[in-house]
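**Q** Sequence and predicted structure below; questions after.
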Amino acid sequence: MAQIKDEKQYRAVMARIDELFFETDENTPSDDPRLQELDVLSALVEEYEQEHYPIETPSLSETMKSRLSENQWSQKEMASMLGMTAARLNAILSGKANPTFEQARTISSRLHIDPAIVLA
């Protein structure tokens, strides 16, 4: 299968994707050549971006801080919800401590954080 070899090709493919995106919509038939081209080009871009612009999995502390911000909770409120002391939560948020297995289970279920992130 073809692949994008460099940034110049990547930018050209992205420009073509932009064109195709505005030429099609949800009413475009699935057998339309433009949609098929868009699918192929999108797959090429995805492969290139995975190699050249990988997205790292966020850390537990980053994810938990994000939940604090999203829900406008204080650390004290989050600690209470998770059944741990504020000091213990602070140690986890700062990366100085890892949660116990039980704490990891609670963090995952109550904050809806992927267990892979919690246990990483």
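**A** Everything's here; your move.
**Q** Which positions in the worst-scoring helix or strand of the chain on mean pLDDT come out as buried?
**A** Every helix and strand in the chain was compared by mean pLDDT, DSSP states H and E; the lowest is helix 115-119, with a mean of 90. The neighbour-count check on helix 115-119 (16 or more other CB atoms under 10 Å) flags 117, 118 as buried. To be clear about C-beta, it is placed using only N, CA and C from the backbone, and glycine gets the same treatment.
**Q** Domains in this protein, by residue range?
**A** 7-52, 60-119 (automatic domain parsing).
**Q** Just say which of these is most tucked in.
**A** Of all the domains of the chain, domain 60-119 has the most neighbours on average by mean count of other CB atoms under 10 Å, namely a mean of 15.
**Q** for this structure, which helix is longest?
**A** If you go by DSSP state H, the chain has its longest helix at helix 33-52.
**Q** Contacts for that one, please.
**A** Helix 33-52 has contacts (CB atoms under 8 Å, 6 or more residues apart in numbering) with 2-4, 10, 13-14, 16-17, 20-21, 23-24, 28-29.
**Q** cool, stretch 56-67 as well?
**A** Under CB under 8 Å, 6+ apart, the answer for stretch 56-67 is 73, 78, 92-95, 98-99, 107, 111, 113, 116-118, 120.
**Q** ok, so what distance separates residue 68 from residue 19?
**A** In this view, residue 68 and residue 19 are 41 Å apart by CB to CB, to the nearest Å.
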